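Engineer: Structure, please.
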Amino acid sequence: MWSTAKPMPHLHFPLPISFPNNRNCICRLSISATSSTNTETTTLTHTPTPKPKTNSTLKKRKRYRKLYPGETTGITEEMRFVAMRLRNAADSDDQANFDAWQASMKGFLSYLVNSHLIFATLQRIVDESDNVSYAYMRKTGLERSEGLLKDLEWLEEQGNMIPNPSSAGLTYAKYLEELAETSAPLFLSHFYNIYFSHIAAGQVIGKKVSDMLLEGEELEFYKWEGDVPELLKDVRDKLNKLSEHWSRDEKNRCLKETPKAFRFMGQIVLLLVS
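Structural biologist: Model prediction:
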């Protein structure tokens, strides 16, 4: 006797299976089975993976650039460090070579003529330019062109023939004029270093040559009215104040001009032994 098979009750089998996908989330697969219809239902659900929380207490580390030597004092102090490095890099025999120099009157006259050209160029630029930066450098008390002119007139009266400026002076004077038109920081680097080098080393050269060729006669080139350190300090303070408005790039370019100033002036000094 055959019996009629009773339908089995509805069955539900959830089978969760998780696997990663390329969207950085978890796919959960659930399979539901029912015996009455003999079908399977597949459901895909996406559960996003939570992003890691940033630690709000962590602060970004600030990077501070390394200061240039002398930067906290001013641009003139930065230039002084550059000049010191130039001096330290010089040959140790330089002083011995200088002591052995035998200046000639012809070379000395050429040195004075070219020096006059350079100092006269500096003074003319700051006096005639409409650049506000240069106005601060007028009538500093360090001007040398008038004193040099008197020296050349006196030397001519002594029977000496005054030469024309040489290529060393002409080249440098032209370079200064071009800088004055294009960049005040670069021109003022030369302005300061020319006066500084003359005060620091020029007097030593002047005394040595004066004793050798002029029987100790002191020229106007080496005389100042007023206290020279104070006059130079006043120029230094003004330049430091002006440089506060320069960008770091302008200051760096200003520092790069310092070796050029000493190189140009060095070529003029070498005229003494030409």
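Engineer: Run a quick check on Asp234 versus Thr140, I expect a contact.
Structural biologist: Yes. Counting by CB atoms under 8 Å, Asp234 does reach Thr140; the two are 6.8 Å apart. C-beta: built from backbone N, CA, C; applies to glycine.
Engineer: quick one, strands of this structure?
Structural biologist: 17-20, 25-34, 39-48 (DSSP state E).
Engineer: Least reliable of the ones you listed by average pLDDT, please.
Structural biologist: In terms of average pLDDT, strand 25-34 trails the rest of the strands of the chain, at a mean of 42.
Engineer: what sits against the closest residue in space to Pro165 that isn't next to it in sequence?
Structural biologist: Leaving aside its sequence neighbours, Pro165 sits nearest to Leu117 (CB to CB, 6 or more residues apart in numbering; 4.7 Å). The contact partners of Leu117, taken as CB atoms under 8 Å, 6 or more residues apart in numbering, are Pro165, Gly169, Leu170, Ala173.
Engineer: Include neighbour count when you put these into a markdown table, please.
Structural biologist: Listed next are the contacts of Leu117 as a markdown table, based on neighbours: other CB atoms under 10 Å:
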| residue | neighbour count |
| --- | --- |
| Pro165 | 18 |
| Gly169 | 23 |
| Leu170 | 13 |
| Ala173 | 21 |
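Engineer: what about the stretch 51-200 of the chain, any weak spots by pLDDT?
Structural biologist: 51-65, 89-100 (pLDDT under 70).
Engineer: Which parts of it are helices?
Structural biologist: Counting by DSSP state H, counting those that start in this stretch, the stretch 51-200 of the chain has helices at residues 75-89, 94-99, 105-128, 132-135, 145-157, 167-182, 184-197.
Engineer: Deepest in the core, which of these is it.
Structural biologist: helix 184-197 (a mean of 23; mean count of other CB atoms under 10 Å).
Engineer: who does it touch, helix- and strand-wise?
Structural biologist: helix 75-89, helix 105-128, helix 132-135, helix 167-182, helix 228-243, helix 248-269 (3 or more CB pairs under 8 Å, 6 or more residues apart in numbering; DSSP states H and E).
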